[in-house]
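1. Below are the sequence and a predicted model for it; my questions follow.
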Amino acid sequence: MFEGFFWFTLLHFVIFHIGKTRAEAFSFTARDSYLATPVLKTLLVEDWLGCTLACQDDAMCISYNYDTSSKSCDLNEHGIQSPYTGSDELLKMQGMIFHQIRKAKKPLPPREVQPSSQCDCSCTSESACRPGEGSYHRLPESCKEIWENSRVRVDGSYCIRANSSAKYANVFCHMTPILGCGDGGWTLVMKIDGHKQTFNYSSEYWNNTFGYNEAAGTNLDDVETKLSSYWSTPFNRLCLGMKYPQNGETNWIALNYNGFSLRDVIRDGTSRATNVSATEWKKLLNNSDIQDGCQIQGFNSINKGFDFDFDFGNGAKARIGIIGCQFRCNQSAGSRIGFGTEGGFFDMDNTNSCGNELRGERENSTSIKAFGYIFVQ
């Protein structure tokens, strides 16, 4: 362990000290730590060396935070003062690497999120706080607004404005980039367990303005939730994730769509197509598959089936996702990948509410119940 850290530090020394004057030279590295500060830009890189080179090539970059799990790289225009006193300038987070390559030219800005952009009390960027009386209209509308106004880069629960009895919602904000979706500022809307029927296609939760287990909406634990952000938060992008049950790996895809809220897009049952290909939908789950004779994807994906002017009842349906028919669109769909799903035609598992179903027609038929995450931005 020590040997690996030695070579890691030595390589940083070689990169940053060759060709530099003694006055310019500076190198400080801290593992499992990061600097909470406004950033110049966020990049997705292959490894820490890519982050190192990106910071070196930007004359304004003083330091960077590298997330070893998501491979995201924050280039910072600030750094710690020399000598480092071990104060709370650096925050602890498993898997993060902080590295400073230049001497800090200006003091760190305060880490507090100002009341005008977050809530009517003195809260830090690492914690949410209850809004004060009369502060509703000063609350941010979404996690993206917090991200833009305060440049917070800390995943966690925050207060946002909501059309609810409480007038605010405490929601999980993904402030770091999500691989497959892009930069941070994502507002959690729902978490769905494919083994349960809470949010199947027919559930009234897709139509109403009632939350479900909202306490579970302040983290990414595998517990179902529906937050008031479902009917309150406007968006122009979605980030969708499915956790593969075999290895616990979560895959993510993004789709572009404008809506006053996700409920506003879904509640009337109208099929609304997006620009996501079947190949992209299949990226949500390893080993997933979909019939390719006819495919309907987007929101409220459903077909009428058998040339009747009504839903035949047991064909594949998805509130968000893609359905596939073996031959033509006037047949009931026998496969699906998505969120809020159901349908038992062609031996599909009707109880699978989130995941992939393609059953009975060939040797490589699939049935995968996944845990799903829905974010908006």
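-> Good, I have the coordinates. Numbering: from 1, shown residues only.

2. Do you have the strands of the stretch 1-150 of the chain handy? List them.
-> Ranges of strands in the stretch 1-150 of the chain, per DSSP state E, counting those that start in this stretch, are 28-35, 39-44, 63-67, 72-76, 90-100, 112-113, 123-124.

3. Skipping its backbone neighbours, what lies nearest residue 254 in space?
-> residue 181 (4.2 Å; CB to CB, 6 or more residues apart in numbering). Heads up, the C-betas are built off the backbone N, CA and C, glycines and all.

4. contacting residues for the one you found?
-> Residues near residue 181 by CB atoms under 8 Å, 6 or more residues apart in numbering: 237, 239, 252, 253, 254, 375.

5. ok, and for stretch 317-326, which residues are buried?
-> Along stretch 317-326, these residues count as buried under the neighbour rule (16 or more other CB atoms under 10 Å): 317, 318, 319, 320, 321, 322, 323, 324, 325, 326.

6. before we move on, which element is the third one in?
-> This means residue 319. According to DSSP states H and E, residue 319 maps onto strand 317-325.

7. gap between that strand and the chain center?
-> A distance of 21 Å separates the centroid of the chain from that of strand 317-325, by CA atoms, centre = their mean, to the nearest Å.

8. hmm, back to that, and the residue nearest to residue 254, what's its pLDDT?
-> Residue 181 carries a pLDDT score of 92 in this model.

9. Kindly report the same for residue 16.
-> For residue 16, the model assigns a pLDDT of 44.

10. Excluding chain neighbours, what is closest to residue 197?
-> residue 353 (6.0 Å).

11. Tell me how far that neighbour lies from residue 192.
-> 6 Å (CB to CB, to the nearest Å).

12. okay, and the common contacts of those two?
-> Common neighbours of residue 353 and residue 192 are listed as 198, 199, 340 (criterion: CB under 8 Å, 6+ apart).

13. Neighbour count and pLDDT for those - can I get that in CSV?
-> Converted to CSV, these look like this (neighbours: other CB atoms under 10 Å; pLDDT from 0 to 100):
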residue, neighbour count, pLDDT
198, 17, 98
199, 26, 98
340, 27, 98
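
14. any idea how far the residue lying closest to residue 218 once chain neighbours are set aside lies from residue 82?
-> Among residues not flanking residue 218 along the chain, residue 157 sits closest, at 3.7 Å (CB to CB, 6+ apart). Residue 157 sits 35 Å away from residue 82, going by CB to CB.

15. Show me which of these two is the more surrounded one.
-> More crowded of residue 157 and residue 82, by other CB atoms under 10 Å: residue 157, with 15 against 11.

16. Can you name every helix or strand that the helix or strand hosting the more buried one contacts?
-> Per DSSP H and E: residue 157 is located in strand 156-161. Judged by 3 or more CB pairs under 8 Å, 6 or more residues apart in numbering; DSSP states H and E, strand 156-161 is in contact with helix 143-150, strand 168-174.

17. Mind telling me which of those the model trusts least?
-> Across the helices and strands packed on strand 156-161, the lowest-scoring stretch is helix 143-150, with a mean of 84.

18. so how many other residues sit close to residue 365?
-> 16.

19. ok, now residue 54?
-> By other CB under 10 Å, the residues close to residue 54 number 18.

20. same thing with the one 4 residues further on?
-> Burial of residue 58, expressed as a neighbour count using other CB under 10 Å, amounts to 14.

21. Which positions within stretch 155-169 qualify as buried?
-> Going by 16+ other CB under 10 Å, stretch 155-169 has these buried residues: 155, 158, 159, 160, 161, 162, 164, 168, 169.

22. and the fourth one, bridged to which residues?
-> Translated: residue 160. With DSSP bridges as the criterion, residue 160 is bridged to residue 169.

23. ok, now how distant is it from residue 57?
-> Using CB to CB, one obtains 36 Å as the distance from residue 160 to residue 57.

24. Comparing the strands of the stretch 1-150 of the chain by mean pLDDT, which bottoms out?
-> Ranked by mean pLDDT, the strands of the stretch 1-150 of the chain end with strand 123-124 at the bottom, a mean of 38.

25. Could you tell me the angle between the helix or strand where residue 253 lies and strand 317-325?
-> Using DSSP H and E, residue 253 sits in strand 250-259. Strand 250-259 runs at 110 degrees relative to strand 317-325, counting by axes from the mean of the first three to the mean of the last three CA atoms, to 10 degrees.

26. how far is strand 250-259 from where the chain is centred?
-> 9 Å.

27. for the contacts of residue 181, which one is nearest residue 298?
-> Ranked by distance to residue 298 (CB to CB), those are led by residue 253 at 13.0 Å.

28. What spatial separation is found between residue 77 and residue 240?
-> Distance from residue 77 to residue 240, by CB to CB: 33 Å.

29. Would you mind telling me which of the two has more residues around it?
-> Neighbours per residue (other CB under 10 Å) separate residue 77 from residue 240, with residue 240 holding more: 23 against 18.

30. thought the more buried one was touching residue 374?
-> Yes. The pair residue 240 / residue 374 is scored as a contact, 6.1 Å apart, by CB atoms under 8 Å.

31. any common contacting residues for these two?
-> 320, 339.

32. Closest one to residue 303 out of the contacts of residue 181, please.
-> In terms of CB to CB, no member of the contacts of residue 181 lies closer to residue 303 than residue 253, at 22.4 Å.

33. contacting residues for the closest one?
-> By CB under 8 Å, 6+ apart, residue 253 lies in contact with 180, 181, 239, 240, 276, 280, 281, 283, 284.

34. Could you dump these into TSV and include distance to residue 295 and secondary structure?
-> Formatted as TSV, the contacts of residue 253 follow (distance: CB to CB, whole Å; DSSP: H, G, I helix; E, B strand; the rest coil):
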residue	distance to residue 295	secondary structure
180	21	coil
181	22	coil
239	22	strand
240	17	strand
276	11	coil
280	12	helix
281	9	helix
283	15	coil
284	15	coil
